[in-house]
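Enquirer: missing the sequence, but the structure's below:
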């Protein structure tokens, strides 16, 4: 909609209302679509409503309301701060700064001073970064969507975007050579110095800490799980309590299971009575039929009784109960296979780390040396890196490290069967990782409990910013090509 006539309005607030009206209506449509999306359960309707939310909401905030692009947000900001042609003025401000630095020009200064001039400089920088980001995203998208032709389009886009300003600067430089040779040599020297600083920032090695995700695991700890569905009725222990093998930890109830056992027992008693009557009557066919029914009921009862017995949770071996929020289980319904508590033995816990392939070189160099272990509160503990597995694997050492359970590692599920025990066998890492074994110091044993997520600092990695950026872009490119490949 052409609203250029609104600039005739004398009041600034009126012009701001007109500039914001379009975004307000789009966000109102997105809010209504979000409300309907929450109210409906029909899949097709939710799909279309989600598209409306993205088109009217996300795109409005990302583009229309973005002041770095010449849309509603740009004109809203320009009118609010009272600077017409904001983008042009910011580019001219940066051009004046460049000419003053490279050529020593002091004439033609900006007529903006103080905070307004500083705002123009910041805005110009942000707009340039945003345009570079958009150009990069468009080039990568074209290369992925159109394969070989897309790569050519991407290269042409980069040349067109970068080549034009570079050609303009070179032309300007040679024009100054014919006018003033001193300016020309000054610009050349300063250009080489600037390029040297940029090259040093990009290609000199930079030391950064290599921190690996890990979890505290007790080799003697046994995870006690529910062997049947039921409600936790009684808890007989508390966190940190020492228990012996076979000691009752908690009691569960399952009225459906108990009722089924009573019904089966009653049916068996009824069959026994009917069998005696058939025996007295010498009815062989009835005896045979009742015998088959009795065998079927006994098999079913034998299958159910272990579940009923499993409603009493006992300690699998001597140790210490480890669960801080144990009391909240009372009265809760738990499903078969759900973790209830851990019984930790006397063996010292260790930290299991999971290192990516680009971290393994540094990690292997630290084998047999001291490393630092950090908990969630950034408390530091000493440890000894005992060993590193020789081969990478997609197996997940502990499910608490997976993103599905709040961990840092991306995982995938090979199977969607709901009855797989705890889903552990189906969860695998997307990328192969190496497993590290860290022995923690004695003073850290009391603070680092089994199951806690930690970070392992295994040293420093010395790589340039350019190498890291190219590696990240290469991985992103490969992943994008794999996603685009049908």
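Expert: Nice, I can see it. Computed from a predicted structure; not experimentally measured.
Enquirer: Please identify the helix or strand for residue 189.
Expert: helix 181-203 (DSSP states H and E).
Enquirer: got the buried residues for that helix?
Expert: If you call a residue buried by 16 or more other C-beta atoms under 10 Å, then helix 181-203 has these buried ones: 183-184, 186-187. C-betas here are computed from N, CA, C, even on glycine.
Enquirer: So what touches it?
Expert: By C-beta atoms under 8 Å, 6 or more residues apart in numbering, the surrounding residues in contact with helix 181-203 are 101-104, 173-174, 176-177, 464-466.
Enquirer: what's the answer for stretch 72-82, then?
Expert: Contacts of stretch 72-82 (C-beta under 8 Å, 6+ apart): 12, 15-16, 19-20, 22-23, 64-68, 84-87, 116, 119.
Enquirer: one more time with 7 Å
Expert: Residues outside stretch 72-82 that contact it (C-beta atoms under 7 Å, 6 or more residues apart in numbering) are 12, 15-16, 19-20, 22-23, 64-67, 84, 86, 119.
Enquirer: Now render those residues as JSON lines, adding distance to residue 363, pLDDT and neighbour count.
Expert: As requested, these are exported to JSON lines (distance: C-beta to C-beta, whole Å; pLDDT from 0 to 100; neighbours: other C-beta atoms under 10 Å):
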{"residue": "12", "distance to residue 363": "60", "pLDDT": "79", "neighbour count": "11"}
{"residue": "15", "distance to residue 363": "60", "pLDDT": "79", "neighbour count": "19"}
{"residue": "16", "distance to residue 363": "56", "pLDDT": "84", "neighbour count": "17"}
{"residue": "19", "distance to residue 363": "55", "pLDDT": "79", "neighbour count": "21"}
{"residue": "20", "distance to residue 363": "53", "pLDDT": "84", "neighbour count": "17"}
{"residue": "22", "distance to residue 363": "54", "pLDDT": "83", "neighbour count": "16"}
{"residue": "23", "distance to residue 363": "50", "pLDDT": "86", "neighbour count": "18"}
{"residue": "64", "distance to residue 363": "47", "pLDDT": "84", "neighbour count": "19"}
{"residue": "65", "distance to residue 363": "45", "pLDDT": "86", "neighbour count": "20"}
{"residue": "66", "distance to residue 363": "42", "pLDDT": "86", "neighbour count": "17"}
{"residue": "67", "distance to residue 363": "45", "pLDDT": "88", "neighbour count": "20"}
{"residue": "84", "distance to residue 363": "58", "pLDDT": "80", "neighbour count": "10"}
{"residue": "86", "distance to residue 363": "50", "pLDDT": "88", "neighbour count": "22"}
{"residue": "119", "distance to residue 363": "47", "pLDDT": "91", "neighbour count": "18"}
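Enquirer: So of these, which two are at opposite extremes in space?
Expert: Spanning the widest gap among the contacts of stretch 72-82 are 22 and 119, at 24.8 Å by C-beta to C-beta.
Enquirer: And the strands in the stretch 251-400 of the chain, which stretches?
Expert: 312-314, 319-322, 333-334, 339-344, 350-355, 370-374, 380-388, 393-395 (DSSP state E, counting those that start in this stretch).
Enquirer: Please name every helix or strand in contact with the longest one.
Expert: Strand 380-388 makes packing contacts with strand 370-374, strand 427-440 when contacts are defined by 3 or more C-beta pairs under 7 Å, 6 or more residues apart in numbering; DSSP states H and E.
Enquirer: Neighbouring strands - and their directions - for the first one?
Expert: Pointing back at strand 370-374 there. Partner strands for strand 370-374, per DSSP bridges, with pairing direction: strand 380-388 (antiparallel), strand 453-463 (antiparallel).
Enquirer: how about these, which one is nearest residue 406?
Expert: strand 453-463 (8.0 Å).
Enquirer: what's next to the closest one, contact-wise?
Expert: Applying C-beta under 7 Å, 6+ apart, the contact partners of strand 453-463 are 205-216, 351, 353, 362-363, 365-366, 371-376, 385, 400-401, 407, 436, 438, 448.
Enquirer: switch to 6 Å and redo it
Expert: 205, 207-212, 214-215, 353, 362-363, 366, 371-375, 400 (C-beta atoms under 6 Å, 6 or more residues apart in numbering).
Enquirer: what does stretch 393-400 give?
Expert: 215, 352, 402, 405, 407, 424, 427-429, 432, 435, 453.
Enquirer: Show me what residue 211 bridges to in the sheet.
Expert: Bridge pairing for residue 211 - DSSP bridges - gives residue 457.
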